[in-house]
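Student: Sequence and predicted model, in that order:
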Number of protein chains: 2
Amino acid sequence: MVTLAEVARHAGVSASTVSYVLSGKRTISTRTRERVEKSIRELGYHPNAGARALASNKSNIIALMMPLRTDMYVPVMMEIAIAVATTARERGHDVLLLTGQEGPEAVRRVVGSGLADAMILMDVELEDTRLSLVRESPRPAVLIGLPADPSELTCVDLDFAATGRLCAEHLAELGHRDVAVVGEAAAVYERRTGFAERTLQGVRERAAELGVRVLHRPCDGSYESTAGTLARIFDERPATSAVIVQNEAAIGPMLSLLRQQGRAVPEDISVIAVCPEQVATQQSVALTSVAIPAQEMGRRAVELVMAKAGAADGRAPTGAGAGARAGAGTETLIELLPPQLTVRASTGPAPTPTGAP
Amino acid sequence: MVTLAEVARHAGVSASTVSYVLSGKRTISTRTRERVEKSIRELGYHPNAGARALASNKSNIIALMMPLRTDMYVPVMMEIAIAVATTARERGHDVLLLTGQEGPEAVRRVVGSGLADAMILMDVELEDTRLSLVRESPRPAVLIGLPADPSELTCVDLDFAATGRLCAEHLAELGHRDVAVVGEAAAVYERRTGFAERTLQGVRERAAELGVRVLHRPCDGSYESTAGTLARIFDERPATSAVIVQNEAAIGPMLSLLRQQGRAVPEDISVIAVCPEQVATQQSVALTSVAIPAQEMGRRAVELVMAKAGAADGRAPTGAGAGARAGAGTETLIELLPPQLTVRASTGPAPTPTGAP
DNA sequence: TTGAAAGCGCTAACAC
DNA sequence: GTGTTAGCGCTTTCAA
């Protein structure tokens, strides 16, 4: 294994010079730099990660904690994870993958061992057992999702309330007066991240303002469940002319069922989905949708967590020995990404009650 | 930050004793061990990962390299990743997530820096640019997937040829004589992992033996494409009474289309899918399927890579200074997981050509 | 059964 | 602009 010392000898300089060439924390003459870089290349030198972490007290690793549950729509998780990994690499960091399996303990372990410099937690629940640990952690953390009590935390999420409002508005403008919401499974509403409730609240709020009636039904996403949900909706509100779906699994079955029932989209019924772009465009009808900006969420999470890490480094101007907390940051910061509605082929004007115009 | 030295002082023992209590590499009297463990608990000690890696030359980290492309069926990737992470944790390791973005370079970086002790590569292509690096790497690696030339490599994959044979057999036993294969997108067959070809070959081979005719058509999984594929199939082989689908995206549309065409499953047409269990069971008809054992693949990959790491450690009995390679292992090892077919509601006896029995 | 001490490879003062 | 050097916290001989 090639060490920094060997590179130094090979280039005829001191170890610190090599180190500074690598870090750029000191100005080096072009001549020296080039010599060092040449040696590095010729010897095939790679700085040892462990030694670096030990000496600098920074691992250049961000821990990403995935949810334990798998009832979440997986592609979104994956897309976030990939965005996190990509963004982190752009900024010289690697990503450590933690599953929910280990539970809150993982936070302690990773932070305590100095394995990671920072954490990103996905799929945060309203009452998340990891939160107290995060608040006490000396390392910066960012949540993807919005817990019931976000105080002292940094959170990134889609603005689901605005999403709901946007959907209601779009349909109202098209003249719809009876709108149904096909939501997530009932269990999601009970124990979970709250995004479902927030969307629904947004829909109701704006719909009320615009004189649109809203009927909400949860749906577990299976074919049967979707059939049942649709049947109930048209049973209870025969005048329903538009559906907002916030449940990726239910989209396919729903379109299939509408087709079977002879309801044309969008002539007889309009459909808006809250889902990733890919899902919206790959259906039998291209869906008008509000995108779940998975990539952006992942990217912003990394940016925020690294900003916090930087702030923590910068602070405590070497000498003020008082503070106990290293500076994970105590401020509450909630970043809600603005929703964007893309009109495609699944929404159109409300059908006129009977016969011709 | 609590260090090992502090724990030692607190427990009234030497640093090495604490270290050995932690590693179990030396017998410690119960009395001493308990005292040390108590101190560890009371002080909230966590061994520093960087220092450990530096001193022991092992990071206890496995790198997991994900594919760059996203046209792979994502949930399977995710399931493998989670299985890898879980299994690794059970064995005291963490997982570093690498995306394909960085390309082969990532292999060099991670191995060179000692950041990871071993690597697992997912979604290996037939001609994969990472392979030469892997062969030369001093650290053990395991591939998930089977490249064209697996020599000197360790690979885990589902036995897709056997999968194809199993499907052909099942349908033949039910009396089907004309079978169609709805496959992956054409692009997949051209540039990719070869699993699609292997399945197809298995189907053809066994079908030929059993006197069953096979028609294969690629399909990109969109609704339109699936419709086109189905139309062609029934056009060219009106007697087709069974379909084998190896394309998760095409399953939903296909069932929907068959329904529209008034073809009942399984009375008029039998369907077998090659897909994860979850996908098979969540359709409008529970599908007879061969599972993609994502979890098992992830688990085995970790087990194999750790076995190789262990072997590399054990070998070179301290003194035989000759060998250059650290012992990543030069033997070729291919582990093909046996497929398992689960009969559900989508396959049944072939319909009799005309009218009654 | 336990201690003492020599590094592991790098960073970051501190000197010049 | 560059060199010297003292650690970072742990593992692991070697010695008792």
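Tutor: Looks like it came in fine.

Student: Just the closest residue of chain A to DNA strand C, please.
Tutor: Ranked by Cβ to the nearest atom of the strand, the top residue of chain A for proximity to DNA strand C is residue A:4, at 2.7 Å. The way it works is simple: take the backbone N, C-alpha and C, and place the C-beta from them, glycine included.

Student: Can you pull the phi/psi pair for that residue?
Tutor: Here is the backbone geometry of residue A:4 (degrees, to the nearest 10): phi -60, psi -40.

Student: Which residues are in contact with it?
Tutor: Shown in contact with residue A:4 (Cβ atoms under 8 Å, 6 or more residues apart in numbering or on different chains): A:15, A:18, A:19, A:45, A:47.

Student: Just the buried ones from the residues you listed?
Tutor: Burial by neighbour count, judged by 16 or more other Cβ atoms under 10 Å in any protein chain shown, picks out A:18, A:19, A:45, A:47 from those.

Student: Would you agree the third one is in contact with residue A:7?
Tutor: Yes. The pair residue A:45 and residue A:7 passes the contact test of Cβ atoms under 8 Å, sitting 5.0 Å apart.

Student: if I look at the two, which residues touch both of them?
Tutor: Counting by Cβ under 8 Å, 6+ apart, the common neighbours of residue A:45 and residue A:7 are residue A:39.

Student: Out of the buried ones among the contacts of residue A:4, which is nearest to chain B?
Tutor: residue A:47 (6.2 Å; Cβ to the nearest Cβ).

Student: Run through the residues of the stretch 1-150 of chain A sitting next to DNA strand D.
Tutor: Neighbours of DNA strand D within the stretch 1-150 of chain A, by Cβ under 7 Å from any atom of the strand: A:12-17, A:20, A:26-29, A:31-33, A:51, A:54-55, A:57.

Student: can we see that at 10 Å?
Tutor: The stretch 1-150 of chain A has residues A:4-5, A:8, A:11-21, A:25-33, A:35-36, A:50-57, A:112-114 near DNA strand D, with proximity defined as Cβ under 10 Å from any atom of the strand.

Student: ok so, going back, restrict the contacts of residue A:4 to those that also contact chain B, please.
Tutor: Among these, proximity to chain B is found for residue A:47 (Cβ under 8 Å from any Cβ of the partner chain).

Student: where does the closest residue to residue A:161 other than its chain neighbours land in three-state SS?
Tutor: Of all residues not flanking residue A:161 in the chain, residue A:202 sits nearest, at 3.9 Å (Cβ to Cβ, 6 or more residues apart in numbering or on different chains). Assigned with DSSP: H, G, I helix; E, B strand; the rest coil, residue A:202 falls in the helix class.

Student: Quick one: residues contacting residue A:202.
Tutor: A:160, A:161, A:162, A:163, A:164, A:165, A:166, A:167, A:168.

Student: So the fifth one belongs to a strand, correct?
Tutor: Translated: residue A:164. No. Residue A:164 is assigned helix when assessed by three-state DSSP, not a strand.

Student: any idea of the pLDDT on the closest residue to it other than its chain neighbours?
Tutor: Excluding the flanking residues, the one nearest residue A:164 by Cβ to Cβ, 6+ apart is residue A:202, at 2.4 Å. If you check residue A:202, the pLDDT there is 97.

Student: sec struct for the spatially most central residue of chain A, please.
Tutor: Ranked by distance to the mean C-alpha position of chain A (Cα atoms, centre = their mean), the top residue is residue A:297 at 3.9 Å. Following three-state DSSP, we place residue A:297 in the helix state.

Student: My read is that it contacts residue A:146, right?
Tutor: No. The pair formed by residue A:297 and residue A:146 falls short of the contact definition of Cβ under 8 Å, at 11.6 Å.

Student: Give the residues shared as contacts by these two.
Tutor: Contacts common to residue A:297 and residue A:146, judged by Cβ under 8 Å, 6+ apart, are residue A:157.

Student: Highest neighbour count among the contacts of residue A:202?
Tutor: Neighbour tally across the contacts of residue A:202 (other Cβ atoms under 10 Å in any protein chain shown): the maximum, 30 neighbours, falls on residue A:167.

Student: isn't that one right next to residue A:287, touching?
Tutor: No. Taking contacts as Cβ under 8 Å, residue A:167 lies outside contact range of residue A:287: 11.9 Å.

Student: Which residues are in contact with each of those two?
Tutor: residue A:272.

Student: separation between the nearest residue to residue A:101 once chain neighbours are set aside and residue B:94?
Tutor: Nearest residue to residue A:101 in three dimensions, chain neighbours excluded: residue B:86, at 5.5 Å (Cβ to Cβ, 6+ apart). To residue B:94, residue B:86 is 11 Å away according to Cβ to Cβ, to the nearest Å.

Student: Of these two, which one has the most company?
Tutor: Set side by side, residue B:86 and residue B:94 show more neighbours around residue B:94, with 24 against 18, by other Cβ under 10 Å.
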